[in-house]
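Colleague: kindly return the folded structure for what I paste below:
(one chain, ligands or ions: 1)
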Amino acid sequence: MQGATAPAHGESDMASDMTAPATMLAQQPDNVPDDRVFDFDIYRDVPEGSDFHASWHELMAQVPHPLMWTPHNGGHWVALRADISDVVMSDSERFSNRTVLVPKDTAGEAYRLIPLSLDPPEHRPFRNLLNENLGPKPLKPIEDSIVDLTVSLIEGFRAKGQCHFVEEFAEQLPVRIFMQIVDLPVDDLPKLKHLADQFTRPDGSLTYPEVSQLFRDYLTPVIAARRGADGQDMISRMVNGQVGGRPLTDLEAQNICIQVLVGGLDTVVNMLGFTFSYLARDHDLRRAIAADPSRIDDALLEFFRRFPVVSSSREVKQDGTFEGVELRAGEMVMAPTVVVALDDAMNDDPLAFRLGRTARKHSTFGKGSHTCPGAHLARIEMKTVLREWFARIPEFRLAKDELLRFSNGIVGSVKPFTLEWDV
Ligand code: HEM
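Modeller: Just a heads-up that it's a prediction; the model follows:
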């Protein structure tokens with residue numbers, strides 16, 4: 001890397017010593033000034049003993065520019081300030097959704113999914129199909145199932161005085177509810193979850209084209225069986241829907257189904273992981289919620305603000321100046337949602353978890369036309385969980401000697417941990 005300044009900032013957990021072999025690093029293009037280059041790899045695990053969100057906050061404090069460039073993952077820019085991240089996410093005149101993942105040539109190519117990889121106006125009719133299925137009205141019938149499953153999962157381990165929270169709860173509830181919404185067998189869950197995780201936190205077991213192909217192999221017969229039938233599940237309704245007055249092609253039907261599976265199988269799981277690993281360490285917050293469950297609504301708003309997890313990217317549409325640097329058409333700019341909520345200019349003492357904040361600014365569910373269509377589902381699931389959990393297990397803690405560990409990636413996560421309580 002020519003004239004790299006990155007090692008000078010090596011104390012940060014996220015922009016740290018070069019660990020990837022030099023051959024994996026992109027050449028610094030001549031439009032990238034030396035002082036913008038930092039050693040940052042979105043797929044590098046958060047070091048043991050460090051916290052995912054605190055590491056991002058530290059990176060924002062250490063890098064003296066609102067837009068840095070890294071040679072990792074094909075070479076790309078990273079927005080480190082709230083206003084910039086929001087503009088990159090939402091200004092489709094300058095930043096295209098054609099490619100939303102880095103590395104552009106591998107993950108980006110494989111992830112040309114619908115509707116996330118479409119720009120307006122093409123995006124709108126596909127997005128309407130999602131909104132029709134994920135709004136409060138279509139989800140009303142599923143609300144009882146969310147309560148029933150939440151209660152039965154908690155009751156399944158309450159008497160034991162402990163649970164492996166991620167495996168026994170966080171990975172069960174949202175994904176089983178989601179399988180019900182799309183009417184797919186629960187037995188297929190491990191396979192689909194493994195595939196969905198390969199897009200957001202690849203473990204190297206499959207290449208991106210293999211992940212895409214396995215999704216397509218799985219969905220092809222499902223879509224064929226539901227086309228023209230009168231099923232009322234989300235896949236049936238989408239594949240029998242219309243876009244611009246015509247039915248979806250097979251490829252479009254696959255791409256929208258894969259998108260929904262990837263969006264629906266991962267995010268709430270991780271939000272639950274961050275929420276409960278935090279609750280287990282904040283005695284005052286647990287006491288406040290247990291004493292007055294009506295505070296759950298406010299707590300939920302703060303959980304969504306404090307624990308953003310998604311870092312997607314956009315492709316620069318044309319050469320031009322942006323925030324003091326020259327961007328070239330085709331370059332990738334990452335717009336982490338975490339830098340919005342954790343920007344000191346947006347929220348006072350942003351790392352502090354505070355009930356009763358008067359203003360909360362964040363883009364946890366995105367910004368602009370691609371803002372998450374699953375937000376309502378996420379809210380009702382999280383609210384149900386907090387209500388039913390505190391009604392049954394108001395006091396709990398991390399298991400003795402439990403050390404929390406975090407994964408980075410397009411969707412950040414807490415690695416599995418154990419909770420305990422007195423019975
Ligand atoms: C706490 C949970 C969730 C979080 C934090 C979250 C976050 C996000 C974010 C930040 C985006 C925008 C990405 C971008 O613009 O590049 C997004 C889009 C999307 N999300 Fe979610 N999401 C959550 C839950 C869900 C669920 C439960 C579903 C499905 C049922 C879902 C499906 C989608 C889809 C399909 C898109 C693409 C929308 C479009 O392109 O118009 N998400 N989500």
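
Colleague: all the helices of the stretch 51-200 of the chain, residue numbers only.
Modeller: With helices called from DSSP state H, counting those that start in this stretch, the stretch 51-200 of the chain shows them at 52-62, 82-90, 109-110, 123-134, 136-139, 143-158, 173-182, 189-200.

Colleague: and residue 173, what is it in contact with?
Modeller: Counting by Cβ atoms under 8 Å, 6 or more residues apart in numbering, residue 173 touches 146, 149-150, 153, 268, 272, 381, 385. (Glycine included, C-beta is placed from N, CA and C.)

Colleague: ok, of the residues you listed, which one's closest to the ligand?
Modeller: Distance to the ligand across the contacts of residue 173 (Cβ to the nearest ligand atom) is lowest for residue 268, with 4.7 Å.

Colleague: the nearest residue to that closest one once chain neighbours are set aside - how many residues pack around it?
Modeller: Spatially, and ignoring its direct neighbours in sequence, residue 268 is nearest to residue 174 (3.7 Å; Cβ to Cβ, 6 or more residues apart in numbering). For residue 174, the neighbour count with other Cβ atoms under 10 Å is 27.

Colleague: next one, pLDDT for residue 174 please.
Modeller: Predicted confidence (pLDDT) at residue 174: the value is 91.

Colleague: would you agree it is in contact with residue 381?
Modeller: Yes - proximity of residue 174 to residue 381 meets the contact threshold set by Cβ atoms under 8 Å, at 5.6 Å.

Colleague: any residues in contact with both of those two?
Modeller: Going by Cβ under 8 Å, 6+ apart, residues that sit against residue 174 and also against residue 381 are residue 268.

Colleague: any idea how far residue 32 is from residue 85?
Modeller: 19 Å (Cβ to Cβ, to the nearest Å).

Colleague: sorry, slip of the keys, the one I care about is residue 228.
Modeller: Relative to residue 32, residue 228 is positioned 52 Å away (Cβ to Cβ).

Colleague: in which helix or strand would I find residue 225?
Modeller: helix 208-226 (DSSP states H and E).

Colleague: contacts for that helix?
Modeller: 106-107, 109-111, 184, 188, 191-192, 195, 198-199, 202, 206, 233, 235-236, 239-240, 250, 253-254, 257-258, 261.

Colleague: name the residues that touch the helix or strand of the chain with the lowest mean pLDDT?
Modeller: Of all helical and strand segments in the chain, the minimum by mean pLDDT, DSSP states H and E falls on helix 109-110, at a mean of 86. Under the criterion Cβ under 8 Å, 6+ apart, residues 99, 101, 199, 208-209, 211-212 lie in contact with helix 109-110.

Colleague: buried residues, the helix holding residue 225. List them.
Modeller: By neighbour count on 16 or more other Cβ atoms under 10 Å, the buried set for helix 208-226 is 208, 211-212, 214-216, 218-219, 222-223, 226.

Colleague: drop anything exposed from the contacts of helix 208-226.
Modeller: 106-107, 110-111, 184, 192, 195, 198-199, 202, 235-236, 239-240, 253-254, 257-258, 261.

Colleague: hmm, back to that, give me the angle between the helix holding residue 225 and helix 189-200.
Modeller: Interaxial angle, helix 208-226 versus helix 189-200 (axes from the mean of the first three to the mean of the last three Cα atoms, to 10 degrees): 130 degrees.

Colleague: let's see helix 208-226 as CSV, backbone CA atoms only.
Modeller: These are the backbone C-alpha positions of helix 208-226, laid out as CSV (Å, rounded to 0.1, in the frame of the first residue of the first chain):
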residue,chain,number,x,y,z
TYR,A,208,-20.5,-16.3,-2.9
PRO,A,209,-21.6,-17.9,-6.2
GLU,A,210,-22.1,-21.2,-4.3
VAL,A,211,-24.3,-19.4,-1.7
SER,A,212,-26.4,-17.8,-4.5
GLN,A,213,-26.7,-21.1,-6.3
LEU,A,214,-27.7,-23.0,-3.2
PHE,A,215,-30.4,-20.5,-2.4
ARG,A,216,-31.7,-20.7,-6.0
ASP,A,217,-31.7,-24.5,-5.9
TYR,A,218,-33.7,-24.4,-2.7
LEU,A,219,-36.2,-21.8,-4.0
THR,A,220,-36.8,-23.0,-7.5
PRO,A,221,-39.2,-25.8,-6.6
VAL,A,222,-40.8,-23.7,-3.9
ILE,A,223,-41.6,-20.9,-6.3
ALA,A,224,-42.8,-23.3,-9.0
ALA,A,225,-45.2,-24.9,-6.6
ARG,A,226,-46.6,-21.6,-5.3
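
Colleague: and it with helix 173-182, angle?
Modeller: Per the same axes, to 10 degrees, the angle that helix 208-226 makes with helix 173-182 is 40 degrees.

Colleague: helix 208-226: what's the following helix or strand?
Modeller: Counting by DSSP H and E, what follows helix 208-226 is helix 234-239.

Colleague: now the strands for the chain?
Modeller: Here the chain has its strands, by DSSP state E, at 67-70, 76-79, 95-96, 162-164, 242-243, 246-247, 311-316, 320-322, 325-327, 332-336, 397-398, 406-407, 413-414, 418-420.

Colleague: so for residue 54, which of the ones you listed sits nearest?
Modeller: Among those, the nearest to residue 54 by Cβ to Cβ is strand 406-407 (9.7 Å).

Colleague: what residues does the closest one touch?
Modeller: So strand 406-407 is contacted by 45-46, 50-52, 55, 201, 412-415 (Cβ under 8 Å, 6+ apart).

Colleague: what's the ChimeraX line that selects buried ones from those?
Modeller: Of these, the buried ones go into a single ChimeraX selection, burial set by 16+ other Cβ under 10 Å:
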select :45,46,50,51,52,55,201,412,413,414
